[in-house]
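S.K.: Whatever this is, show me its structure:
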Amino acid sequence: MIKLTEKEFHDLTTMIHSRFGINLAKKRILIEGRLSNTLREKNLASFDQYLSILNNDPTGAEITLLLNKITTNHTFFMRENEHFEFLLNKVLPYFEKNHPDRDLRIWSAGCSSGQEPYTIAMAMDEYFGAKKHLWDTKILATDISMNAMDKGRKAIYPSESLEIIPDKWRNKYFVDLKDGTYQICSQLRSEVIFKPFNLMDPFLFKKPFDLIFCRNVMIYFDEATKESLVGKFYQWTAKSGFLFIGHSEVLNRSVTHYNYIKPAIYQKGS
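M.R.: Next up is the predicted model:
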């Protein structure tokens, strides 16, 4: 394994933090373990040489490969199921009552390989039923990992990842590919739009969002980065819109303008 020097570790983690907000200050072993093979494949003798390649690559391809290596992208269908129960029982009835234009703007920020936005899509299809065609329910799904989003676009998942999906949903929304994998049905695939996006970049959307899911993403950020990101989310949340975060994450209520609803669920005032 190729070892990081103190300077290399500092330079690499500083670059990743400044560009992507990810705090790897305590992840030296992880970095060495996940990137040593990359250095060997490129016939590099040191991380300093690798940093030079990263900093001088105008295409961004090298930094994309780096992010694919160091980000975990651990997710599964119906993760933190309380959120989807609240979405079905509270949020969607509220939207149905208060959105006469029938236009919902939904963002899965840090969508990984697609299980989260597809679960949202299934919940909305379940709720609206025959009335769904009257609503715009497309979901924006973003992530910095191109590998993860490629998996999301293909929407093919191993059978074991469907274990906690209700039978009704499994039969309705998944196609058995007869090889131990299942694919999300074409209808739902068409409703999720995958785009690469770095949450540290400026938010330049056409309209604010009624619902933002950003779960188990901010665990990689330090407090200042997290507060700055939540501030941007707030600016781009529509009035009375919701923010869902991971249950292992909390917002500093003395800083955020969101109203606390219940653990990991917040709402912007009207």
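
S.K.: Which strand or helix spans Lys168?
M.R.: Assigned by DSSP states H and E, Lys168 falls within helix 167-173.

S.K.: Counting by contacts, list what the helix or strand of the chain at the bottom of the mean pLDDT ranking packs against.
M.R.: The helix or strand with the lowest mean pLDDT-type score in the chain, counting by mean pLDDT, DSSP states H and E, is helix 61-70 (a mean of 78). Packed against helix 61-70 by the contact rule (3 or more CB pairs under 8 Å, 6 or more residues apart in numbering; DSSP states H and E) you find helix 6-20, helix 28-41, helix 47-55, helix 146-154. From N, CA and C alone the C-beta is placed, and that goes for glycine too.

S.K.: what comes up buried for that helix?
M.R.: For helix 61-70, burial by neighbour count (16 or more other CB atoms under 10 Å) applies to Glu62, Ile63, Thr64, Leu65, Leu66, Leu67, Asn68, Lys69, Ile70.

S.K.: Mind picking the one among these that's closest to Lys90?
M.R.: Distance to Lys90, by CB to CB, is smallest for Leu67 among the buried residues of helix 61-70, at 34.9 Å.

S.K.: Could you save the buried residues of helix 61-70 as CSV and add columns showing distance to Pro263?
M.R.: Formatted as CSV, the buried residues of helix 61-70 follow (distance: CB to CB, whole Å):
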residue, distance to Pro263
Glu62, 39
Ile63, 35
Thr64, 34
Leu65, 36
Leu66, 34
Leu67, 29
Asn68, 31
Lys69, 32
Ile70, 29
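
S.K.: I'd say Val230 and His257 touch.
M.R.: No: look at Val230 against His257 with CB atoms under 8 Å: they stay out of range, at 9.1 Å.

S.K.: between these two, who's got more neighbours?
M.R.: Val230 (23 against 14; other CB atoms under 10 Å).
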